[in-house]
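J.: generate coordinates for the sequence data below:
(chains A, B, C and D)
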Protein chains: 2
Amino acid sequence: MNKHHDVCEVRSVDKKKVRSVMKSMLTDHEAINLSETFSVLADPTRTKIIYALSSEELCVCDIAGILGMSVSAISHQLRILRNMRIVKFRKEAKMVYYSLDDEHISRLFNEGLKHIRE
Amino acid sequence: MNKHHDVCEVRSVDKKKVRSVMKSMLTDHEAINLSETFSVLADPTRTKIIYALSSEELCVCDIAGILGMSVSAISHQLRILRNMRIVKFRKEAKMVYYSLDDEHISRLFNEGLKHIRE
DNA sequence: ATTATATTTGAACATATGTTCAAGTGTTTA
DNA sequence: TAAACACTTGAACATATGTTCAAATATAAT
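T.: So this is what the prediction gives:
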């Protein structure tokens, strides 16, 4: 049995169109990269964290206080943002202070914010 | 037992900062709205569909052909894009032709594309 | 040294998401 | 009318995601 059962049966209706669109189509790599970028902003906790950090450098504890969520939950999300280089951090004694590190994402974020507020 | 076990124990380190950030914080509604907007673009199949439709109006069958995926999978994704008013459609005989319907999302999409290609 | 504080981490859990498969609708062609 | 075609839909399935809880790490204060 062919795994691509359906796929192989698909016949194009307009072969010219299909070929021309296929030529400029995003590569898998680009599409995955792009969607991963948007995924960072696709969670309300993370959008709130990014919004909070856009005005102030903050420690984990204060972010948790501001969002009304557990320190652990915030720390898990910060790890994601750290791995994606969206935020950077600075250690001072026991505390860890986070701030934004990616102006591209900030721009995307603000475009999105504009969109929902219009 | 308090459900918000952790939350209530959080004490702010810098109360002034915390209050000032909280005052301008996104509402839950805004944060959810914003993250849902980004969620639309947070899947590689949908970014490919949007990219394809940015150059041509296409029928379901041809989108499936271009992406090398089943018609059913594409149709499910088109429903999501339809519900979010990202795409519109036009029926012609048996065929259904889809095209983009939201310039805001297109702008976001292009900002993201710029980002990953820089 | 012991205790308290700030944060991180891993496992468990529930929920959300995307694709497949099979069956359905509606339109056209034979 | 029957068969073919283009598409949609619902259920099942596997995978991904976000939060909680408990435990671990690391630094500071007593």
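J.: switch to C-alpha atoms for all contacts and neighbour counts from now on
T.: OK.
J.: show me the contacts for the residue sitting nearest the centre point of chain A.
T.: By C-alpha atoms, centre = their mean, chain A has its centre lying nearest to residue A:40, at 1.6 Å. Applying C-alpha atoms under 8 Å, 6 or more residues apart in numbering or on different chains to residue A:40 gives the contacts A:46, A:81.
J.: near DNA strand D, anything from stretch A:56-66?
T.: No - contact of stretch A:56-66 with DNA strand D is not found when judged by C-alpha under 7 Å from any atom of the strand; the minimum separation is 9.7 Å.
J.: contacts made by that stretch with the rest, please.
T.: A:49, A:52, A:70-71, A:74-75, A:95-100, B:7, B:10-14, B:17-19, B:21-22.
J.: wasn't residue A:88 part of a strand?
T.: Yes - counting by DSSP: H, G, I helix; E, B strand; the rest coil, residue A:88 falls inside a strand.
J.: now do the longest helix along chain A against helix B:103-117, angle only.
T.: For chain A, the helix with the greatest residue count under DSSP state H is helix A:103-117. Counting by axes from the mean of the first three to the mean of the last three C-alpha atoms, to 10 degrees, helix A:103-117 lies at 170 degrees to helix B:103-117.
J.: how deep is the nearest residue to residue A:109 once chain neighbours are set aside tucked in, by neighbour count?
T.: Once flanking residues are discounted, residue A:109 sits nearest to residue A:41: 7.3 Å by C-alpha to C-alpha, 6 or more residues apart in numbering or on different chains. Look at residue A:41: counted by other C-alpha atoms under 10 Å in any protein chain shown, it has 27 neighbours.
J.: so residue A:41 sits against residue A:111, correct?
T.: No - using C-alpha atoms under 8 Å, residue A:41 and residue A:111 do not qualify as a contacting pair, with a distance of 11.6 Å.
J.: count of neighbours near the nearest residue to residue A:95 once chain neighbours are set aside?
T.: The spatially closest residue to residue A:95, leaving aside those adjacent along the chain, is residue A:59, at 6.5 Å (C-alpha to C-alpha, 6+ apart). For residue A:59, the count of nearby residues is 22 (other C-alpha under 10 Å).
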